[in-house]
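Chemist: fold the following for me, if possible:
(2 chains)
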Amino acid sequence: MDIEIREVIDEGKTILPACTLKGQIIGIYTDIQKMQFIMQQLKQKGYVHHVMDGHYKRLKVEETFRFYMKMAGCPQPLEEMLGLFGLTKSRKKKVMDLSISEQQRLAFLRLYLYGGTFLTIEEPYHRMDADTRIITAGLIQLMAERGTIFLLLSNNLEDLLISTNDIFRIDSSGCHKMDFNEEQPTIIDEEPVIKIEKIQTKKNDKMILFNPPEIDYIESMNGEILVNVAGVSYTCSLTLQELEKRLRAYGFYRCHRSYIVNLQKVREIITWTKNSYSLKLSVGEGTVVPLSRNKLSELKELIGIS
Amino acid sequence: MNISMKRIQAIFMKDYKEFSRNYAISIMVFMPFILALFYNKMGINTIDAYFMTINLTLAMVTAFIQSCLIAEEKESNTLRSLMMSPASIADILIGKSSLVFSISAIVLALTVYLLGYKPANVLVLALALAVSIVFYIAVGTICGLFTKTVMEASVATLPVLVIFSFGPMVLGLSEKYPIAGIAEWLPSAQLILLAEGLETAMPAKEVFISFAVMIGWTIAAVVIASILYKKRMTDD
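Modeler: Here you go, the predicted model:
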């Protein structure tokens, strides 16, 4: 199924360009204003989940489950559903006493039951703890395998990468398929030799040089290379491929088509679903970098873990 | 329009639990009892006084609870997802209204008992009260759809209370100011006329006219409520 988005023009300026989207799980990386217009248009086509959607806060969790299951005519046993959403423990609690993350899981119940074949979700992983993200990612995966088409709207690229690689960036000039530079990883067979290497970057027209170990990770965003050091990003004129080559000897690794990470700074490998991973860095407040599924085994080998 | 008993039942149960645990709203059902006991102990036993309480109950319990139930859905951002659910408009409105209807019927029956009012023809009166309940439910729905929070909704039911519950009192002025005679055509005033007629063996024609006026108001209110609800559904 193709998803058509109509153009929205206000006072002669294009706010939302017309575009056609294709895929099973489609990510849209755009700002909040465009998201509102897209959701407005798509509510005719299928269920649209808003971040602000609320709950019947005086019902207990199991009563809420029974209510929605009855409404949708869902034949699955209650126990199974509670388990699927990781809410078995809090089944007797009132919804208003749940944590924000548990409420978010509960909100996904409506999507799961009313879903149908086409679902739009605004900010699917917004303000979620890691457990809830894993459960939500698993549910999206499960429903996609059963044939539901998802449209995920977010202005956080890392969030979208948890669930999909089919990501479109929409700005007023048009809709661009995000290209994660699908290129063959270059095989470097020469022995790494330690040498002085500085990475040249720019910030506000100032040229800044970094020692490789200072760098946390490097990302490619909209064709621009951003070098992230202590939570600040600096632009760099080199390509990811060149950087990968130069930094390999310093323990850097191309963990995703558009990311290079400093392996010395990796604290945790997060598993969202059985084929979706992220790397959590030890710097800042939980900086997370996506990890391609086909890179996992290579990475494990490289850092000597199993 | 497809109607599913299962969904109506689900909405009924959900609203019953929400209602019974929300004391700010559910405490309202005790008001008529206090009023009725008060009148009973004072030894007031005119039809006017009985129906003052009954009309107050219809506005304060029926319209108030219905408007609060709908406004609460809006306040907690659940009405939108309810409208997008597989349930049809009829399912949602019938589910909610049947709960309010049951509560109102029980409260009214107890109020009549506590007032010590013994109507000459219970069946006709019960029928008239049932029509009135449906009317006040529709009015409550309209109030709920126009407001955004429970607090606004409880204020919005005040005009209903003034116009429909106190409206018939204006009739006393109709000899001095003929314009006040309009109040006779309020459904609450017709309810009183009907009840007075039952005591004095009113001709069937008069009974019929009273019923026709009440049913007319009810149909108008139900139609307006449904149109408004449909409009709200396409708006947001």
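Chemist: counting by contacts, list what the one helix or strand residue B:125 maps to packs against.
Modeler: Residue B:125 is part of helix B:122-146 when elements are defined by DSSP states H and E. For helix B:122-146, the elements it packs on are helix B:64-75, helix B:89-115, helix B:150-160, helix B:187-199, helix B:204-235, judged by 3 or more Cβ pairs under 8 Å, 6 or more residues apart in numbering or on different chains; DSSP states H and E. In this view, the C-beta of every residue, glycine as well, is placed from N, C-alpha and C.
Chemist: pick the most buried one from those helices.
Modeler: helix B:64-75 (a mean of 26; mean count of other Cβ atoms under 10 Å in any protein chain shown).
Chemist: tell me the mean pLDDT over it?
Modeler: Mean per-residue pLDDT for helix B:64-75: 92.
Chemist: elements contacting it?
Modeler: helix B:5-21, helix B:23-26, helix B:79-84, helix B:89-115, helix B:122-146, helix B:150-160.
Chemist: show me what secondary structure element comes after the shortest one.
Modeler: Right, the one you point to is helix B:23-26. helix B:31-42.
Chemist: against residue A:211, how distant is residue A:264?
Modeler: 12 Å (Cβ to Cβ, to the nearest Å).
Chemist: ok, the two, which is more surrounded?
Modeler: residue A:264 (15 against 12; other Cβ atoms under 10 Å in any protein chain shown).
Chemist: the closest residue in space to the more buried one that isn't next to it in sequence: neighbouring residues, count only.
Modeler: In space, residue A:264 comes closest to residue A:251 once its chain neighbours are excluded; the distance is 5.2 Å by Cβ to Cβ, 6 or more residues apart in numbering or on different chains. Residue A:251 sits with 17 neighbouring residues when counted by other Cβ under 10 Å.
Chemist: got the contact list for residue A:251?
Modeler: A:262-264 (Cβ atoms under 8 Å, 6 or more residues apart in numbering or on different chains).
Chemist: which SS state does the residue located most distally from the centre of chain B fall under?
Modeler: The C-alpha centroid of chain B is most remote from residue B:176, which lies 30.8 Å away (Cα atoms, centre = their mean). Three-state assignment for residue B:176 (DSSP: H, G, I helix; E, B strand; the rest coil): coil.
Chemist: who in chain A is up against chain B?
Modeler: By Cβ under 8 Å from any Cβ of the partner chain, the residues of chain A that approach chain B are A:43, A:47-48, A:50, A:52-59, A:63, A:66-67, A:70-73, A:110, A:114.
Chemist: now restrict these to buried residues only.
Modeler: A:43, A:47-48, A:50, A:53-59, A:63, A:66-67, A:70-72, A:110, A:114 (16 or more other Cβ atoms under 10 Å in any protein chain shown).
Chemist: so which of those residues are in helices?
Modeler: Among those, the members falling in helices (DSSP state H) are A:63, A:66-67, A:70-72, A:110, A:114.
Chemist: just name the lowest-scoring one in the residues you listed, pLDDT-wise.
Modeler: At the low end of pLDDT for those is residue A:114, which has 85.
Chemist: contact partners for the nearest residue to that residue once chain neighbours are set aside?
Modeler: Excluding the flanking residues, the one nearest residue A:114 by Cβ to Cβ, 6+ apart is residue A:47, at 4.9 Å. Counting by Cβ under 8 Å, 6+ apart, residue A:47 makes contact with A:110-111, A:114-116, A:118-120, B:84.
Chemist: rerun at 10 Å
Modeler: Counting by Cβ atoms under 10 Å, 6 or more residues apart in numbering or on different chains, residue A:47 touches A:110-111, A:113-121, A:148, B:81, B:84-86.
Chemist: can you tell me which of those lies closest to residue A:220?
Modeler: The nearest member of the contacts of residue A:47 to residue A:220, counting by Cβ to Cβ, is residue A:121 at 25.7 Å.
Chemist: quickly find the element holding residue A:153.
Modeler: Using DSSP H and E, residue A:153 sits in strand A:149-154.
Chemist: and if you look at residue A:128?
Modeler: Under the criterion DSSP H and E, no helix or strand holds residue A:128.
Chemist: I'd say it and residue A:51 touch.
Modeler: No. Using Cβ atoms under 10 Å as the test, residue A:128 is too far from residue A:51 to be in contact (11.2 Å).
Chemist: higher neighbour count, these two?
Modeler: Set residue A:128 next to residue A:51 and count neighbours by other Cβ under 10 Å: residue A:128 wins out with 19 against 16.
Chemist: any idea how far that one is from residue A:202?
Modeler: 35 Å.
Chemist: check residue B:225 too.
Modeler: From residue B:225 to residue A:202 the distance is 63 Å (Cβ to Cβ).
Chemist: which residues sit in contact with the spatially most central residue of chain B?
Modeler: Residue closest to the mean C-alpha point of chain B, counted by Cα atoms, centre = their mean, is residue B:136 at 2.7 Å. The neighbours of residue B:136, taking Cβ under 10 Å, 6+ apart as the test, are B:55, B:57-67, B:100-101, B:104, B:157, B:160, B:164-165, B:187-188, B:218, B:221.
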